[in-house]
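[1] Quick one, fold the following:
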Amino acid sequence: MRCAVQDGPQRVTTGSSSERPNEARLFDYYLGGAHNFAVDRALAEETIKQFPIAEMARTIRSFSRRVVRFCAEDLGIRQFLDLGSGIPTVGNVHEVAQAVDPSCHVVYVDRDPVAVAHSRTMLRENLNAAIVQADICDVGAVLRDRETRRLLDFEKPVAVLMIGILPYVHEDPTGVVARYRAAVSGGSVLALTHLTRDVEPELVDKLVTLADGLQTPLVPRTKQDVEEFVCGLELLEPGLVLAAHWRADGELPGGSAAADASTYGAVALIRD
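    Purely as a prediction, here's the structure:
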C-alpha cells in the first residue's frame, strides 16, 4: 500500500517544511498517499522496520471509513466535522461520505500549517469540503470559522469525528469533548479513537518516542479514561472496543494483531 512518489510541482511547501519530517505527511505515507517528501519517506521506512506503525495507521483509517459510511448510509447524516484531520489522504472523509451522497458537507480542522496547505490544494475544486486552520481545543474558533458556518448547519445532525486526535490533547480532554457535544443537535454522532497502553504497552511506547522526536507528544489513555469522553451518551453497538473490531464484519484491517490492539474506538449517539 505504500508508494514512493517523486516530489513534483503539485506539491505544497511551507517554508523549510520539506527539510524535516512532518507527522501529517508521515501518516499520509503510511496510508499509501502521495503527499509526502523524501525526508518523510526515509523516516517512515526506518520506523516501519522497527514496529508495525503503518498497520497502526491503517487500523485507524479503516475505522474512520467504516464510521463515515455508517453515518451516511445507516443514519442519514450529511454533515461531518473532522477534528485533527491531518492531510485528507487515502480513504478520507469527504471521499467516503460523498460517494454515498455528493451533497455531503465536510469540514476538516487542523492547526498544522503543512497539513492545512496540502488540504487546501486537495480541496480547491470541492465546494462541499473545506479545511479550517485552528487548534481543536479552541472550540469557539472552530465553530465560528466562516468555512464551518458556510458548510455546517448545527441545527441538523453532524458527525463529529475525533479520530486519532485526543492523545494530542493534554489538558482537559473531557472538557474539549463536552464542548463539541454541547454544540451539536440531537441525532448527531460523536466518533473517536484513542491510543492505549492497555494491551500493547511496548509497541505504544515506541510510537510515543517517535512523536516526542517530532515535537508532537502523545498521551495514551486507559479504557476507563476514554469512557469519560462518552459518559452519558448512547454508545452504538458494539460499544467502546478496540477500533479494529468496531463493526469490522470479520475483516480486520491490518496484518498485525499488536497494531490492532493499540487503539480504542467508539461511536455514540447524541440525543436532545
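[2] Where do the helices of the stretch 151-272 of the chain begin and end?
    With DSSP state H, counting those that start in this stretch, the ranges of helices along the stretch 151-272 of the chain come out as 173-183, 201-213, 223-229, 257-260.
[3] model confidence over stretch 107-124, on average?
    Confidence for stretch 107-124, expressed as mean pLDDT, is 93.
[4] Next, the contact list for residue 205, please.
    residue 197 (Cβ atoms under 8 Å, 6 or more residues apart in numbering). For every residue, glycine as well, the C-beta is placed using N, CA and C.
[5] Try it again at 10 Å.
    With contacts defined as Cβ atoms under 10 Å, 6 or more residues apart in numbering, residue 205 is in contact with 51, 197, 220.
[6] In PyMOL, how would I select just the buried ones from those residues?
    Provided next is the PyMOL selection string for whichever of these are buried by 16 or more other Cβ atoms under 10 Å:
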select buried, resi 51+220
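[7] Which parts of the stretch 1-150 of the chain are strands?
    Ranges of strands in the stretch 1-150 of the chain, per DSSP state E, counting those that start in this stretch, are 79-83, 105-110, 129-133.
[8] got these as CSV, with distance to residue 166 and mean neighbour count columns?
    Supplementary listing: these in CSV, determined by distance: least, Cβ to Cβ, whole Å; neighbours: other Cβ atoms under 10 Å:
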stretch, distance to residue 166, mean neighbour count
strand 79-83, 9, 27
strand 105-110, 13, 26
strand 129-133, 18, 23
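[9] Arrange those strands in a markdown table, one row each, with distance to residue 167 as further columns.
    As requested, the strands of the stretch 1-150 of the chain are exported to a markdown table (distance: least, Cβ to Cβ, whole Å):
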| stretch | distance to residue 167 |
| --- | --- |
| strand 79-83 | 13 |
| strand 105-110 | 15 |
| strand 129-133 | 21 |
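[10] among these, which is nearest residue 37?
    Ranking those by distance to residue 37, with Cβ to Cβ as the measure, places strand 105-110 first at 17.9 Å.
[11] Need the CA coordinates for the closest one. CSV is fine.
    Listed in CSV are the C-alpha atoms of strand 105-110, where the atom choice follows Å, rounded to 0.1, in the frame of the first residue of the first chain:
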residue,chain,number,x,y,z
HIS,A,105,-20.6,18.6,3.6
VAL,A,106,-17.2,18.0,5.3
VAL,A,107,-15.2,20.4,7.4
TYR,A,108,-11.7,19.4,8.3
VAL,A,109,-9.8,21.1,11.1
ASP,A,110,-6.1,21.1,11.8
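[12] Direction included, what does it pair against?
    Partner strands for strand 105-110, per DSSP bridges, with pairing direction: strand 79-83 (parallel), strand 129-133 (parallel).
[13] sorry, back to before: which among the strands of the stretch 1-150 of the chain is found nearest to residue 240?
    Comparing the strands of the stretch 1-150 of the chain by their distance to residue 240 (Cβ to Cβ), the top pick is strand 79-83, with 18.5 Å.
[14] Please tell me how far the spatially most central residue of the chain sits from residue 152.
    Relative to the mean C-alpha position of the chain, the nearest C-alpha, by Cα atoms, centre = their mean, is the one of residue 163, at 3.5 Å. According to Cβ to Cβ, to the nearest Å, residue 163 stands 17 Å off from residue 152.
[15] repeat for residue 176
    When Cβ to Cβ is applied, the distance between residue 176 and residue 152 equals 18 Å.
[16] what do you get for residue 91?
    Residue 91 sits 22 Å away from residue 152 when distances are taken as Cβ to Cβ.
[17] on that earlier part again, what about the residue nearest to the centre of the chain? Give its phi and psi, please.
    The phi and psi values for residue 163, taken as degrees, to the nearest 10, are phi -90, psi 110.
[18] what about the nearest residue to it once chain neighbours are set aside, how many residues close to it?
    Leaving aside its sequence neighbours, residue 163 sits nearest to residue 64 (Cβ to Cβ, 6 or more residues apart in numbering; 4.8 Å). Neighbour count for residue 64, taken as other Cβ atoms under 10 Å: 23.
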